[in-house]
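> need a structure here:
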Amino acid sequence: MVSFAMSRFLRELEIPEKPERYILYQGAVNEGRSFDTLIPAMLDVPARLLIAGDGNYMERVRVLIKNHGLEEKVILLGRVTPKELRDITRKAWAGVTLFEYKGKSNYFSLANRYFDYMHAGIPQLCVDYPVYRELNNSGAVALLTSDLQPASLAAGLNRLLTDQALYKSLQTNCLSKRNVLNWQTEEKTLLKIYQHLFES
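From the prediction side, this is the model:
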């Protein structure tokens, strides 16, 4: 008999029905996350953008939304519980992982949301920085962009919304790579490192 916890876990691995093809940004709403170009890009994207999180750029984001008349299209969810976020992420059509080049910290970063999207089985529009490019080379889960201007971001998001072959390929890779890029696998490597240190 399958336990309730295992049953819930198996359900969370499934790709749910997606009656609405919304785009999701999850994480800190901070400066340098490309909101200045992502929000105007949504003028040319036939989908809603949901922003789950809070941060030091929230007031600027509100101004951007108002100035572009996107109050009905860009939705600020604020802080949500981990359980709520998992559900929102699983039901999203695509995610965004974007960073402006504001030094090496952003350039060589690896955001948690990249893996959250992948584990939820949703492709993403992702900045073409070295770590993401390396991960994508071993099985693309993201559409990479080196141009963060509104027109380019809109074009990338529209490809994820309309190019069924691309979307299916990225989604299939998400489902495959989440079986490898997870804590259950990484903990074995970490334990081996600790074991080697204690034996030295």
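> all helices of this structure, in order?
With DSSP state H as the criterion, the chain has helices at 4-13, 35-41, 58-67, 82-91, 104-107, 112-120, 130-137, 150-162, 164-177, 183-199.
> name the residues of stretch 148-157 that are buried.
148, 150, 153-157 (16 or more other C-beta atoms under 10 Å). C-beta here means a position set from N, CA and C on the backbone, and glycine is covered the same way.
> now stretch 64-76
Using 16+ other C-beta under 10 Å as the test for burial, stretch 64-76 gives 64-65, 68, 70, 73-74, 76.
> please state the offset of that stretch from the chain centre?
Distance of stretch 64-76 from the chain centroid (C-alpha atoms, centre = their mean, to the nearest Å) equals 20 Å.
> related to what we said a few turns ago, out of the helices of the chain, flag the one nearest Arg21.
Shortest distance between Arg21 and these, using C-beta to C-beta, is found for helix 150-162: 5.8 Å.
> so Ala120 touches Ala92, yeah?
Yes. Taking contacts as C-beta atoms under 8 Å, Ala120 lies within contact range of Ala92: 7.3 Å.
> mutual contacts of those two, please.
Common neighbours of Ala120 and Ala92, counting by C-beta atoms under 8 Å, 6 or more residues apart in numbering, are absent.
> about what we covered before: adding pLDDT, write the buried residues of stretch 148-157 out as CSV.
Converted to CSV, those look like this (pLDDT from 0 to 100):
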residue, pLDDT
Leu148, 97
Pro150, 98
Leu153, 98
Ala154, 98
Ala155, 98
Gly156, 98
Leu157, 98
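> and the residues you listed, which is closest to Val141?
Closest to Val141, out of all of these and judged by C-beta to C-beta, is Gly156, at 14.1 Å.
> tell me who's in contact with that closest one.
The contact partners of Gly156, taken as C-beta under 8 Å, 6+ apart, are 125, 143, 145.
> neighbour-wise, which of these leads?
Leu125 (24 neighbours; other C-beta atoms under 10 Å).
> okay, and the beta partners of it?
Per DSSP bridges, the residues bridged to Leu125 are Val96, Leu143.
> can you give me every residue that contacts it?
Residues in contact with Leu125 (C-beta under 8 Å, 6+ apart) are 94-98, 142-143, 145, 153, 156-157, 160.
> please redo it, this time with the cut-off set to 6 Å
96, 143, 156-157 (C-beta atoms under 6 Å, 6 or more residues apart in numbering).
> same question for Ile15.
Applying C-beta under 6 Å, 6+ apart, we find Ile15 in contact with Gly121.
> how many residues are close by Pro82?
The tally of other residues near Pro82 (other C-beta under 10 Å) stands at 7.
> could you report the pLDDT at it?
Per-residue pLDDT puts Pro82 at 94.
> so how far is Asp116 from the residue most central in space within the chain?
Central residue of the chain (C-alpha atoms, centre = their mean): Gly95, 3.8 Å from the mean position. Between Gly95 and Asp116 the computed distance is 8 Å (C-beta to C-beta, to the nearest Å).
> equivalent analysis for Asp44, please.
Taking C-beta to C-beta, one finds Asp44 at 26 Å from Asp116.
> next: Leu125.
Counting by C-beta to C-beta, the gap from Leu125 to Asp116 is 14 Å.
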